[in-house]
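# build me a model from this:
(chains A and B)
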Amino acid sequence: GAVVSQHPSWVICKSGTSVKIECRSLDFQATTMFWYRQFPKQSLMLMATSNEGSKATYEQGVEKDKFLINHASLTLSTLTVTSAHPEDSSFYICSARDGSNYGYTFGSGTRLTVV
Amino acid sequence: AQSVTQLGSHVSVSEGALVLLRCNYSSSVPPYLFWYVQYPNQGLQLLLKYTTGATLVKGINGFEAEFKKSETSFHLTKPSAHMSDAAEYFCAVTTPGQNFVFGPGTRLSVLP
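Below is the predicted model of the structure:
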């Protein structure tokens, strides 16, 4: 089946630094990928929709300058958290449409801790 | 706009007992409905989905769900709970051209 690889699984960074998270579709091409944020014991909140070769579409309230999304190829989307602060600590999950009938495959998630 | 509610943020069942996780949705057009499972610090795994056709949908690990339009429901069931079923379960809805909307989740505990 379709596989989405997300790296790193967890990362700890200092306040003020930037962190890049990668999301790769391993066995299919993904023209559209999605980035979610999940706080502890809460549901997933869509942050942005990433489209290959074009600018991402951000949900209301998500700072596009803080959460930079690049979808430069049909198999890779990246989320960069710039100038990270402790309140950015969260679980970030990507997903991609895998081409099946409304099939969405999710990555394994990235636990970001900003200290 | 679409929305999803999941009755019960935490459900406990005994091993071998019936699992019933409730999901109700709101949508102005025919919805596509999904159930996902999430284990700690992991992504989401699709259990099953309803798009069109048969309203009783069978998924992985013995789970199934029935789409009931009259009740706007898509409850998830499993006849006999296993310890490995303990996880967080999310119901989600989407329609053509729209993004996923996830429910708040239900944490399933399985007691020995």
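
# residue numbers of chain A in contact with chain B?
A:4, A:6, A:9-10, A:34, A:41-44, A:46, A:49, A:91, A:93, A:95, A:101-109, A:111 (CB under 8 Å from any CB of the partner chain). Just so you know, the C-beta spots here come from the backbone N, C-alpha and C atoms, and that holds for glycine as well.

# just those: which are in strands?
The strands, defined by DSSP state E, take in A:4, A:6, A:10, A:34, A:44, A:46, A:49, A:91, A:93, A:95, A:104-106, A:111 from those.

# quick check: closest non-adjacent residue to A:Ser83.
A:Gly16 (5.7 Å; CB to CB, 6 or more residues apart in numbering or on different chains).

# for the one you found, give its distance to B:Thr52.
50 Å (CB to CB, to the nearest Å).

# also B:Glu71?
18 Å.

# what's near enough to touch A:Asp65?
With contact set as CB atoms under 8 Å, 6 or more residues apart in numbering or on different chains, A:Asp65 has these partners: A:Thr82.

# which non-adjacent residue is nearest B:Asn99?
Using CB to CB, 6+ apart and skipping the chain neighbours, the partner closest in space to B:Asn99 is A:Leu46 (5.6 Å).

# so what's the most centrally placed residue in chain A closest to, chain neighbours aside?
If you average the C-alpha coordinates of chain A and look for the closest C-alpha using CA atoms, centre = their mean, you land on A:Trp35, 3.8 Å from that point. Once its chain neighbours are removed from consideration, A:Trp35 has its nearest residue in A:Met47; the separation is 4.6 Å (CB to CB, 6+ apart).

# who touches B:Ser14 in this structure?
The neighbourhood of B:Ser14, defined by CB under 8 Å, 6+ apart, consists of B:81, B:110-112.

# same thing with A:Phe91?
Neighbour list for A:Phe91: A:37-40, A:109-112, B:41 [criterion: CB under 8 Å, 6+ apart].

# scan those residues and report the most crowded one.
Of all those, the highest neighbour tally under other CB atoms under 10 Å in any protein chain shown goes to A:Thr110, namely 25 neighbours.

# that one and A:Gly103, how far apart?
Summarising the geometry, the distance separating A:Thr110 from A:Gly103, computed by CB to CB, is 22 Å.

# same check on B:Val11?
Using CB to CB, we find B:Val11 at a distance of 27 Å from A:Gly103.

# could you measure from the residue nearest to A:Trp35 over to chain B?
11 Å (CB to the nearest CB, to the nearest Å).

# re earlier: ok, the residue nearest to the centre of chain A touching A:Ser50?
Yes: contact status for A:Trp35 versus A:Ser50: in contact at 6.5 Å, counting by CB atoms under 8 Å.

# which neighbours do these two have in common?
Where contact means CB under 8 Å, 6+ apart, the residues bridging A:Trp35 and A:Ser50 through contact with each are A:69, A:77.

# tell me which stretches of chain B form helices.
For chain B, applying DSSP state H gives no helices.

# got the residues of it near chain A?
Remark: the part of chain B in contact with chain A comprises B:32, B:34, B:36, B:41-46, B:49, B:51, B:90, B:94, B:99-100, B:102-105, B:107, using CB under 8 Å from any CB.
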